[in-house]
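A.B. asks: Take a look and give me a structure for this.
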Amino acid sequence: MASSKVTYQKVSTKWGILTGIAYIAYFLIMWALGVLEIIELSFISGIFLVIGICVAISRLKRARNGNIEYFEGLAIGATVGVISSAILALFLVIFVSVLDTDYLASLQASSFFPEGITKMALFGFTIMYGTVPGLWIAFIAMQWFKRRDHSMSEGV
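C.D. replies: Have a look, this model is predicted:
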């Protein structure tokens with residue numbers, strides 16, 4: 001694959017979508033197991049965001065023969081965070097509207113969301129809860145990936 005055809009937008013979009021699908025799969029597994037009320041378990045899904053961002057940065061770096069710009073790495077984190085959380089947010093709005101209307105009430109009872117949370121607020125909070133950590137994860141990951149001695153090929 002030619003490095004000029006690989007952009008951080010393409011890489012981060014792909015991994016944002018895959019991370020969003022992983023979020024939904026994990027959510028549905030929690031629902032099937034009947035543990036949605038344990039809101040703290042949903043934070044385990046943050047592992048998917050870490051993996052998605054690190055793999056996306058790694059893929060871009062590899063496609064560019066070990067070269068990656070620092071701000072592209074940060075942009076990957078933000079983009080993966082926005083896309084994956086937007087996918088999850090859209091799913092959650094559909095979920096609380098169609099499949100489990102009581103779930104919104106259980107979120108209101110938790111300390112992580114305000115008491116009078118609406119579907120629109122749930123949508124916004126979900127995107128925010130994915131975007132901000134995405135930027136932080138990318139910032140931390142880029143401390144590793146920006147270094148030339150962590151290139152994908154020897155002698156670089």
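A.B. asks: Point me to the helix or strand that includes residue 19.
C.D. replies: helix 8-33 (DSSP states H and E).
A.B. asks: Show me what that helix is packed up against.
C.D. replies: In terms of contacts (3 or more CB pairs under 8 Å, 6 or more residues apart in numbering; DSSP states H and E), helix 8-33 is packed against helix 46-63, helix 70-94. Glycine gets a C-beta too; all of them are placed from N, C-alpha and C.
A.B. asks: mind listing what's buried in that helix?
C.D. replies: Neighbour-count burial for helix 8-33, counted by 16 or more other CB atoms under 10 Å, picks out 8, 11-16, 18-20, 22-24, 26-27, 30.
A.B. asks: Lowest-confidence member of the residues you listed, which is it?
C.D. replies: On pLDDT alone, residue 8 ranks lowest of these, at 79.
A.B. asks: So for the residue lying closest to that one once chain neighbours are set aside, what's the pLDDT?
C.D. replies: Nearest residue to residue 8, sequence neighbours excluded (CB to CB, 6 or more residues apart in numbering): residue 72, at 4.4 Å. Note on residue 72: pLDDT of 84.
A.B. asks: Neighbours of residue 72, how many?
C.D. replies: 20 (other CB atoms under 10 Å).
A.B. asks: buried sites along stretch 89-97?
C.D. replies: 89, 91, 92, 93, 95, 96.
A.B. asks: So in the chain, where's the weakest helix or strand by average pLDDT?
C.D. replies: Least confident helix or strand of the chain, by mean pLDDT, DSSP states H and E, is helix 103-109 with a mean of 71.
A.B. asks: What's the first helix or strand after that one?
C.D. replies: Following helix 103-109 in sequence, per DSSP H and E, is helix 119-145.
A.B. asks: Any idea how many residues pack against the residue nearest to residue 129 when sequence neighbours are not counted?
C.D. replies: Of all residues not flanking residue 129 in the chain, residue 85 sits nearest, at 6.6 Å (CB to CB, 6+ apart). Using other CB under 10 Å, residue 85 is surrounded by 27 other residues.
A.B. asks: can you check residue 44 too?
C.D. replies: 10.
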